[in-house]
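Output the structure for:
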Amino acid sequence: MATETIMRKSRLNTVVIVDMFVILYVLGIVFSKFLISVATVGLLITAMYKLVKRQEEFGPDIKPFLALTIIFWITIWSGLFSDDITMWTAFVMKKLPFLILPFSFYVLRNEMSERIGHYLMLFVAITVISGLGVVVNYFLNYDAIQSAIGRGQAMPTPIDHTEYSLYLAYGLFICAFGDKLMKQAYPVVGNKAIGLMALFLFLVLHILAVRSGLAVFYITSLIIGSYALVRQRKWLLLVAFLSMIFLIPIVAVNTIPSINNKWHYTKYDYLQYKKGNGVNYSDSQRLYSIKVGLDIASENLFNGTGIGDLSAMCKIKYKEMLGEELDHYPHNQYLFILASMGLIGLMAYLIALFYPFYYYRHKLNYLLVSLYLLLLVSGLVENTIERTFSIAFYLFFVLLIFTRISQKNRSWI
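Purely as a prediction, here's the structure:
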């Protein structure tokens with residue numbers, strides 16, 4: 001009896017400690033790399049302490065967690081082909097969470113899975129609060145920000161605007177597919193409150209006018225919504241849903257000033273690109289980066305140029321193509337990996353992503369599916385997994401969901 005009481009107290013203490021570090025981590029995702037680092041180390045130490053105390057053992061269900069560590073190991077492997085060891089080391093450090101967090105979340109999976117509703121609500125609440133700050137700042141500095149958007153610049157956000165737009169999009173999907181978990185964690189929170197938070201995030205996402213974020217949101221919504229309605233054979237609702245998916249962006253372009261401004265800038269930027277004058281324009285630089293990435297990949301198809309040398313190689317290619325030494329990586333995650341790590345690296349990257357999806361194929365839920373779609377679609381226009389905040393965001397939620405479905409015997413879909 002005394003032993004059971006001690007174990008219960010120990011487990012409670014572990015949950016409290018995990019909660020503390022998760023709060024720091026989620027705050028860090030939105031506001032601070034330093035907090036992300038502190039929380040990551042804290043979760044690692046907590047997991048190691050639990051393991052030393054023999055309160056957790058490894059089992060076959062660790063496989064999906066281990067699969068994600070491949071992304072770290074292929075970065076290590078790419079160092080064999082990199083002359084610039086300093087740049088390679090920087091990438092290794094950036095990918096270190098792919099080694100640390102899968103281990104930590106697996107060992108702490110029981111504590112994490114029990115608290116998932118609290119963590120989802122925490123993220124949505126912080127995103128709503130930060131979004132309120134973004135909107136207030138927008139209206140207080142309306143003319144200046146509108147002018148900046150018209151010149152291809154971004155609205156001020158707590159972190160990089162493209163990464164922040166992914167947060168807003170996933171916050172919407174959490175409200176849609178994680179509402180039951182949030183209401184279980186906080187019974188006082190009803191459908192109206194969650195609906196209002198979702199509506200606010202939807203408005204902020206559109207006011208922010210980040211095209212990649214909007215595209216990822218609508219494509220993900222289109223895929224999931226169409227699948228769900230076809231599966232239920234609700235054909236009239238499917239027609240209505242598809243109409244909304246295509247009409248809302250059109251209405252937004254004509255009614256939301258920031259999106260309208262961004263639309264006009266996009267057309268102007270593309271026109272400059274077609275004229276060969278796009279070197280100083282953001283969208284044109286993205287297109288040039290794709291050309292550069294394809295050129296580098298074609299010359300180093302098997303092993304890539306080495307992730308440490310990719311920056312230097314890009315500068316050389318920009319100089320050859322445009323006569324200027326630009327410092328931009330390919331704005332496509334798959335092309336980034338193909339250019340830096342070759343076909344071997346790209347295959348390993350896809351295995352790391354899709355093996356867990358295959359492993360949990362009978363337990364899939366819309367929270368996981370929407371997260372995967374966000375990552376996969378954003379990777380077409382951004383090098384998402386090469387950014388600290390995006391890595392922290394993706395790993396936190398994908399591993400959190402893994403902890404939940406590894407404890408379940410049924411699908412959430």
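
Report the next helix or strand after the helix or strand residue 291 falls within in sequence order.
Using DSSP states H and E, residue 291 falls within helix 282-299. Per DSSP H and E, the first helix or strand lying C-terminal to helix 282-299 is helix 310-322.

Would you mark the buried spots in that next one?
310-315, 317-318, 322 (16 or more other CB atoms under 10 Å). Backbone N, C-alpha and C define where each C-beta goes, glycine included.

hang on, residue 162 packs against residue 209?
No: the criterion here is CB atoms under 8 Å, and residue 162 misses it with residue 209 at 11.7 Å.

Just say helix, strand or coil for residue 158.
coil (DSSP: H, G, I helix; E, B strand; the rest coil).

for the stretch 201-350 of the chain, what are the low-confidence residue spans?
Filtered on pLDDT under 70, the stretch 201-350 of the chain yields the residue ranges 278, 281.

What are the boundaries of the helices in it?
Here the stretch 201-350 of the chain has its helices, by DSSP state H, counting those that start in this stretch, at 211-232, 235-255, 257-275, 282-299, 310-322, 333-359.

any idea which of these is most buried?
Greatest average neighbour count among those goes to helix 333-359 (a mean of 21), per mean count of other CB atoms under 10 Å.

what's the angle from that one to helix 282-299?
Angle, helix 333-359 to helix 282-299, by axes from the mean of the first three to the mean of the last three CA atoms, to 10 degrees: 80 degrees.

Centre of the chain to helix 333-359, how far?
Here helix 333-359 shows a centroid-to-chain-centroid distance of 16 Å under the convention CA atoms, centre = their mean, to the nearest Å.

Pull the residues that contact the next helix or strand after it.
Next helix or strand after helix 333-359 toward the C-terminus (DSSP H and E): helix 366-378. With contact meaning CB atoms under 8 Å, 6 or more residues apart in numbering, helix 366-378 is reached by 162, 166, 169-170, 173-174, 176-178, 212, 215-216, 219-220, 223-224, 333, 353, 357, 360, 384-385, 394, 397-398, 401, 405, 412-413.

could you redo the last one with a cut-off of 7 Å?
Contacting residues not belonging to helix 366-378 are listed as 166, 169-170, 173-174, 177-178, 212, 216, 219-220, 223-224, 357, 384, 394, 397-398, 401, 413 [CB atoms under 7 Å, 6 or more residues apart in numbering].

Including distance to residue 85, could the helices of the stretch 201-350 of the chain go into JSON lines?
Formatted as JSON lines, those follow (distance: least, CB to CB, whole Å):
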{"stretch": "helix 211-232", "distance to residue 85": "32"}
{"stretch": "helix 235-255", "distance to residue 85": "46"}
{"stretch": "helix 257-275", "distance to residue 85": "36"}
{"stretch": "helix 282-299", "distance to residue 85": "19"}
{"stretch": "helix 310-322", "distance to residue 85": "12"}
{"stretch": "helix 333-359", "distance to residue 85": "15"}
